[in-house]
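Structure for the following, please:
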Amino acid sequence: MDLSVAGPIPLCNNEAAIHTFISRLNHEFAIKDLGDLNYFLGLEDILQRADLLDAKPVSTTLASHESFTTNGTPCSDPTSYLSLVGALQYLTITRPDLSYVVNQVSQFLHAPTLNHFQAVKRILCYVKGTLSFGLTYSWPHTTSILGYSDVDWARCLETRRSTYGYSIFLGGNLAS
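Here you go, the predicted model:
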């Protein structure tokens, strides 16, 4: 498939270029233009499913003193827990600020507790207050690659395993 044109296309501001690009995509794939973006990834639906549409937003994804263990009262609706965590996992594609805490609640999919479910609800309240957040990309002035990493040695209280993360930037844009 060749979607190339002469020179770069500034898709965000050029209606003719957008139309040309969509036409070329449609020639190669069966696509449907759904119009303007309303709620990304159905966030309103996810909040409604969790009964949090009217909840108060919070400013952090996780309380600083919070640590997860397998101990606690079992969750009465593990299917709902699995569904909400799955939706959050998908959301981390464009919201890397959620990656760590979603990783933490994902480790208890086999036996979630009420504390784990409360943590998922808190993440959703954070998302509710940050709906306008997301990744933005700008045209890079350089092609420099810059990486950062961090590790929390023996973070897991039960297994003493470590947690680590990294970010790779290409020309100032988050790439991985």
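
residues of the lengthiest helix in the chain that come out buried?
Scanning the chain for the helix with the most residues, using DSSP state H, yields helix 114-129. Of the residues in helix 114-129, those scored as buried under the neighbour-count criterion (16 or more other CB atoms under 10 Å) are 115-117, 119-128. To be clear about C-beta, it is placed using only N, CA and C from the backbone, and glycine gets the same treatment.

Downstream of that helix, the next helix or strand is which one?
Following the chain from helix 114-129 toward its C-terminal end, the next helix or strand by DSSP states H and E is strand 145-152.

who touches that next one?
Strand 145-152 has contacts (CB atoms under 8 Å, 6 or more residues apart in numbering) with 162, 163, 164, 165, 166, 167, 168, 169, 170.

Out of these, which sit inside strands?
Cross-referencing the contacts of strand 145-152 against strands under DSSP state E gives 163, 164, 165, 166, 167, 168, 169, 170.

mind checking pLDDT for the fifth one?
It refers to residue 167. Reading off the confidence values, residue 167 has pLDDT 84.

Likewise for the second one?
Looking at residue 164, its pLDDT reads 75.

Many thanks, have a good one.
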